[in-house]
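Q: build the 3D model from these lines:
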Amino acid sequence: MSFAVLASLSIFAVLLGVVFHQQSKQHRLSRLVLIGLVLGSLYGLGLQFVFSDHNQITHATLEWINIIGQGYVNLLKMIIMPLVLVSMLAAVVNLEKDGSLGKISGVSITVLLATTAIAALIGIAVAGLFNLSASGLVAGTRESAQLVELGNREAMLNQLNVPQMLISFVPTNIFSDLSGARSTSIISVVIFAVLLGIAGRKVMIEKPELEQPIRTFVGTIQAVVMRLVKLIMALTPYGIAALMAKVIASASLADISQLLQFILASYLAIALMFAVHAILVSFVGVSPKSYFSKIWPVLTFAFSSRSSAATIPLNVETQIAKLGVPPAIANLSASFGATIGQNGCAGIYPAMLAVMVATSMGIDPFNWHFILSLVAVVTVSSFGIAGVGGGATFAALIVLPTMGLPVTIVALLISIEPLLDMARTALNVSGAMTAGTLTSRLLDKKGINQDATATN
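A: Purely as a prediction, here's the structure:
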């Protein structure tokens, strides 16, 4: 290890020491996350400027820093499936009224799909406002190398029609799905947990003497898993600092300069969709300012980790503790939101690409038939999009061929994917939490919310 690498790592260790010192003062998690975000970003900028001519030093430094960032993300991924399984099982077992679960799921999924359709419309409108077109983009060497792989993925996805996609949600090997082997594993685990919970409820009715042991067993497992979640959440400021340091230090300005217009358009569309979320929560009596201040730590982690799935634990915890959403609804909305109706990755992004490609091919993307078809395809294809970095690429690979458009543009935009994906992921998570908030408030008026609260 060179002296320069050792010195830069020592500076980063000092920054982590600052975070630890602030954490010892019992500050709120949101403040600690903000501190980690700022310190990590400043450190990344420092690496950019100091070692701009020595990329090998930056690379070596980030390899060590990535142990903290990626290690934190791995820990979050580790608890995703146990959390989803146990939380959903507890939600079903503790529901008191038959039929409540179906209503909760129905409202949550409806909100997720409706917001995705709105996101697609916003993507179409913004693409038109900026007059975006794919005709001016030229593939570089690195992007061209991706075309073969993307072509293979496109062929694979084209073989998967809607009925086959729905069948893929049904679990066949729960142990395989618990390992996250498929992009639809989270939905499969949710389905298994719901069925297991229903079976438990049937046993409780048939054999009343087993009701208390079942409730105690489920409650004990849930308490242990949630304690594990809190232990890992305490590491969030350190993980954020490391992740942001890597993102800022490794960003290539040369890669994104020629696509600045597309970046600006994407961020405008994302900002508009955040405004839609604010309007929706205000309709159910929630202050948008208070809402976003409470979910800020979750959005910050989503922004830096680029993984909706990895954000599930923090998503659930925040909905329950900060937004007052019942656990059953929080778990359903967070779990569904990671794979269904992702407003950013499965809504805005593929819609904007479709408009760009259509324009370059001489197709009028603002013909009402094209718009209705695109919105419908985007909404349906949002089912099962993996809640990890790169999910937007798969969404585009489904939407573009379905609309009869080529997928070359997907490869051309790979160079700026990380920059766009951070904001898209934050929007995805905000959409899931908006769904949870709306579902909670809407069902509360029907008396269902009280039953869901029993799972706390």
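Q: distance between stretch 261-269 and the chain's centre?
A: For stretch 261-269, the gap between its own C-alpha mean and the chain's C-alpha mean amounts to 19 Å (C-alpha atoms, centre = their mean, to the nearest Å).
Q: so which bits of it are buried?
A: Using 16 or more other C-beta atoms under 10 Å as the test for burial, stretch 261-269 gives 262-263, 265-266, 269. C-beta coordinates here come from the backbone N, C-alpha and C atoms, glycine included.
Q: and the residue nearest to I174 when sequence neighbours are not counted, what pLDDT?
A: Leaving aside its sequence neighbours, I174 sits nearest to F192 (C-beta to C-beta, 6 or more residues apart in numbering; 5.0 Å). Model confidence at F192, given as pLDDT, is 90.
Q: F192 is in contact with V170, isn't it?
A: No. Contact criterion C-beta atoms under 8 Å: F192 and V170 do not qualify, at 9.4 Å.
Q: between the two, who's got more neighbours?
A: F192 (19 against 11; other C-beta atoms under 10 Å).
Q: which helices and strands sit right next to the host helix or strand of that one?
A: Using DSSP states H and E, F192 maps to helix 185-206. Under the contact definition 3 or more C-beta pairs under 8 Å, 6 or more residues apart in numbering; DSSP states H and E, helix 185-206 sits against helix 55-94, helix 174-178, helix 211-233, helix 327-337.
Q: now tabulate the ones you listed in CSV and tack on mean neighbour count.
A: Formatted as CSV, the helices and strands packed on helix 185-206 follow (neighbours: other C-beta atoms under 10 Å):
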stretch, mean neighbour count
helix 55-94, 20
helix 174-178, 16
helix 211-233, 15
helix 327-337, 29
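Q: mean pLDDT and distance to A321 added to those, as a markdown table?
A: Shown next, in a markdown table, are the helices and strands packed on helix 185-206 (pLDDT from 0 to 100; distance: least, C-beta to C-beta, whole Å):
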| stretch | mean pLDDT | distance to A321 |
| --- | --- | --- |
| helix 55-94 | 83 | 14 |
| helix 174-178 | 87 | 26 |
| helix 211-233 | 87 | 10 |
| helix 327-337 | 85 | 10 |
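Q: need the contact partners of the helix holding F192.
A: Residues outside helix 185-206 that contact it (C-beta atoms under 8 Å, 6 or more residues apart in numbering) are 80-81, 84-93, 95, 101, 169-171, 174, 176-180, 182, 210-211, 214-215, 218, 309, 332, 335-336, 338-340, 384, 387.
Q: can you check stretch 61-70 too?
A: Applying C-beta under 8 Å, 6+ apart, the external contacts of stretch 61-70 come out as 5, 8-9, 12, 16, 47, 51, 238-239, 241-243, 245-246, 249-250.
Q: okay, it in CSV with CA atoms only?
A: What follows is stretch 61-70, C-alpha atoms only, in CSV (Å, rounded to 0.1, in the frame of the first residue of the first chain):
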residue,chain,number,x,y,z
THR,A,61,-8.4,3.9,-1.9
LEU,A,62,-12.0,3.2,-3.0
GLU,A,63,-11.3,-0.5,-2.9
TRP,A,64,-10.7,-0.3,0.9
ILE,A,65,-13.5,2.2,1.5
ASN,A,66,-15.9,0.0,-0.4
ILE,A,67,-15.4,-2.6,2.3
ILE,A,68,-17.5,-0.3,4.6
GLY,A,69,-20.0,0.8,1.9
GLN,A,70,-20.6,-2.6,0.2
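Q: break down the stretch 301-450 of the chain into its helices, ranges please.
A: 312-321, 327-337, 349-360, 368-381, 391-402, 408-412, 417-444, 449-453 (DSSP state H, counting those that start in this stretch).
Q: in JSON lines: those, plus distance to L280.
A: Output for those, formatted as JSON lines (distance: least, C-beta to C-beta, whole Å):
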{"stretch": "helix 312-321", "distance to L280": "15"}
{"stretch": "helix 327-337", "distance to L280": "13"}
{"stretch": "helix 349-360", "distance to L280": "19"}
{"stretch": "helix 368-381", "distance to L280": "17"}
{"stretch": "helix 391-402", "distance to L280": "22"}
{"stretch": "helix 408-412", "distance to L280": "30"}
{"stretch": "helix 417-444", "distance to L280": "6"}
{"stretch": "helix 449-453", "distance to L280": "17"}
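Q: minimum distance to T116: which of these has it?
A: T116 lies closest to helix 368-381 among the helices of the stretch 301-450 of the chain, at 5.4 Å (C-beta to C-beta).
Q: helices or strands up against the closest one?
A: helix 100-129, helix 349-360, helix 391-402.
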